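> Pasting a predicted model and its sequence here:
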Amino acid sequence: MKKSDKFLQDHKMSAADVDIQKVVDAFGSEMSKGLEGKESSLQMIPTYIQADNTFVTEMPVVAIDAGGTNFRAAKIRFDKDSNLEISNLVNARMPGIDRKVSKDEFFQTMAGYIKDLADQSDRIGFCFSYATEILPNKDGRLIQFSKEIQAPEVVGELIGKNLLEALGTPDKQIVLLNDTVATLLAGKSSSHVKNYDSYIGYILGTGTNTCYIESNKNILKKPDLDPDKNQIINMETGNFGKGPRAELDIAFDNTTGTPGSYTFEKMFSGGYFGGLCLSVLKTAANEDVFSGETANNILSLDELTVEELNRFVSQSTESREPLYSCMANKEDEETSMGIIEGLIERSAKLVAANLSSVVLKTGKGKSPDRPILITIEGTTFYKLHKLKPLFEKHMNEYLSGEKQRYVEFNQVENSSLVGAALAALVE
């Protein structure tokens with residue numbers, strides 16, 4: 001057995017330690033409890049956005065995408081034939097990502113980014129990618145930040161209302177939604193030529209999340225909903241608390257700014273995966289898995305980003321630093337790569353379990369003529385070495401036999417901005 005395989009098995013960090021059926025069962029239970037309003041790590045947040053509505057054309061709208069480390073905005077318009085026009089694109093950095101900010105600074109910074117844009121439309125679609133309770137008026141109250149955003153005064157605040165006040169335009173219409181909801185809407189709007197049974201939105205970038213369409217009659221915590229209609233549910237799957245965490249996952253979680261919170265995304269999302277891999281490699285170094293020189297070099301590293309580890313493990317033609325220079329010999333390099341690749345396959349299996357759970361919950365996709373369309377966004381999903389093909393392998397294996405479901409995958413350029421615009425233009 002390879003050193004890397006033995007090390008991962010000894011610490012229960014290998015893909016073989018992920019039982020997809022157990023994860024699916026736990027997901028299903030947490031989903032049901034979340035919809036019923038019982039205590040659950042899946043918040044199952046109603047969005048009050050239906051996926052069936054038509055949207056207004058030939059009207060400009062301001063679309064905002066605030067999530068992860070980046071803040072983007074643009075003026076978006078759909079012409080009479082529903083063709084997309086994007087202009088005045090703004091790219092900036094999320095307030096609170098580099099240092100702690102106050103509530104006023106958080107909203108004033110964002111308002112400053114979009115002041116010129118906001119003057120060009122009375123409608124704003126705001127894709128806000130953090131756990132937020134959406135209200136019937138489409139504004140939202142922040143439940144908690146993830147992805148290491150440092151703005152504690154914003155928790156509990158109305159996001160849309162505060163942004164409009166910072167802009168000095170409190171009467172504008174604003175619709176708040178999550179990036180997964182925006183991704184689902186963008187995917188649906190781009191696929192009108194085919195009849196799908198249902199739609200799912202999935203994000204795996206800095207963080208991770210999932211949304212799907214649920215019948216109102218199953219959202220028991222909101223008894224006043226029209227039982228004959230449906231709406232998109234923002235699951236907040238990054239916070240799933242029943243994942244198969246090992247001792248090393250828990251040890252790494254305790255080094256983050258929010259220990260015990262969003263533990264599922266800390267196992268594989270881009271904002272944490274580099275740190276997790278470095279933590280695991282340091283444990284291997286302390287257990288004499290590497291030569292003394294390599295071990296000392298790894299132990300001296302302060303940080304490792306997912307981009308850096310990806311270049312190393314994919315043997316990129318670009319710089320493979322800082323890990324490459326830590327390797328004293330070829331054997332240590334191969335062992336390090338084996339450990340990282342093993343953690344990537346474990347990640348792929350966790351993603352497969354996540355999406356399989358949601359596919360099964362919809363009860364849809366049982367015919368090849370009407371599959372479920374899953375629109376996926378996020379650089380970690382598409383760029384992390386071998387993740388996508390390994391995910392497809394594990395999901396196809398699981399959704400077979402008596403659990404056979406038919407799905408198609410889709411990617412939409414600028415999905416968060418497009419979906420935010422669509423949400424603001426829904427009739």
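Received, thanks. Numbering: from 1, shown residues only.

> Give me the distance between Glu307 and Leu323.
According to CB to CB, to the nearest Å, Glu307 and Leu323 sit 12 Å apart. The way it works is simple: take the backbone N, C-alpha and C, and place the C-beta from them, glycine included.

> So for the two, which sits in the more crowded spot?
Higher neighbour count among Glu307 and Leu323: Leu323, with 24 against 16, using other CB atoms under 10 Å.

> Quick check: the closest residue to that one other than its chain neighbours vs Ile200, distance?
Nearest residue to Leu323, sequence neighbours excluded (CB to CB, 6 or more residues apart in numbering): Phe312, at 4.3 Å. With the distance defined as CB to CB, Phe312 ends up 32 Å from Ile200.

> Have a look at the two and say which one is more surrounded.
Ile200 (29 against 24).

> does the more buried one sit in a helix, a strand or a coil?
Per DSSP: H, G, I helix; E, B strand; the rest coil, the secondary structure class of Ile200 is strand.

> try Gln231
Gln231 ends up strand, using three-state DSSP.

> my read is Glu331 is in a helix, agree?
Yes: with three-state DSSP as the criterion, Glu331 is part of a helix.

> Show me where the stretch 1-150 of the chain has its helices.
Taking DSSP state H, counting those that start in this stretch to define them, one finds helices in the stretch 1-150 of the chain at 3-10, 20-36, 103-118.

> What of the stretch 251-400 of the chain?
Applying DSSP H, counting those that start in this stretch to the stretch 251-400 of the chain gives helices spanning 270-286, 292-299, 306-313, 330-362, 379-383, 387-398.

> Determine which of the ones you listed approaches Leu8 most closely.
Leu8 lies closest to helix 330-362 among the helices of the stretch 251-400 of the chain, at 4.6 Å (CB to CB).

> Find out how far stretch 59-72 is from the centre of the chain, if you would.
In terms of CA atoms, centre = their mean, to the nearest Å, the centre of stretch 59-72 is set 16 Å apart from its chain centre.

> Endpoints of that stretch, how far apart?
20 Å (CA to CA, to the nearest Å).

> how about that stretch: buried residues?
60-68, 71-72 (16 or more other CB atoms under 10 Å).

> So which of those are in strands?
Under the assignment DSSP state E, those contribute 61-67, 71-72 to strands.

> re earlier: would you turn the buried residues of stretch 59-72 into a markdown table with distance to Asp288 and pLDDT?
Shown next, in a markdown table, are the buried residues of stretch 59-72 (distance: CB to CB, whole Å; pLDDT from 0 to 100):
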| residue | distance to Asp288 | pLDDT |
| --- | --- | --- |
| Pro60 | 63 | 93 |
| Val61 | 59 | 94 |
| Val62 | 57 | 96 |
| Ala63 | 53 | 96 |
| Ile64 | 51 | 96 |
| Asp65 | 46 | 93 |
| Ala66 | 45 | 90 |
| Gly67 | 41 | 75 |
| Gly68 | 37 | 68 |
| Phe71 | 45 | 92 |
| Arg72 | 47 | 94 |
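
> Determine which two of these are furthest apart.
Between all members of the buried residues of stretch 59-72, the farthest pair (by CB to CB) comes out as Pro60 and Gly68, at 26.1 Å.

> follow-up on the earlier one: just the closest of the ones in strands among the buried residues of stretch 59-72 to Thr283, please.
Gly67 (31.2 Å).

> What is the neighbour count of the nearest residue to that closest one once chain neighbours are set aside?
Spatial nearest neighbour of Gly67, excluding adjacent residues (CB to CB, 6+ apart): Ser129 at 2.9 Å. The local packing of Ser129 (other CB under 10 Å) involves 26 other residues.

> Tell me the one among the buried residues of stretch 59-72 nearest to Asp139.
Relative to Asp139, the closest of the buried residues of stretch 59-72 is Ile64; by CB to CB it sits at 13.6 Å.

> Quick check, that closest one in contact with Ile76.
No: using CB atoms under 8 Å as the test, Ile64 is too far from Ile76 to be in contact (10.4 Å).

> tell me which of the buried residues of stretch 59-72 is nearest to Leu185?
Of all those, Ala63 has the smallest distance to Leu185: 11.4 Å, by CB to CB.

> Return the distance of stretch 322-336 from the chain's centre.
That offset, for stretch 322-336, works out to 31 Å (CA atoms, centre = their mean).

> And the average pLDDT for that stretch is what?
Averaging pLDDT along stretch 322-336 yields 97.

> Good, wrapping up.
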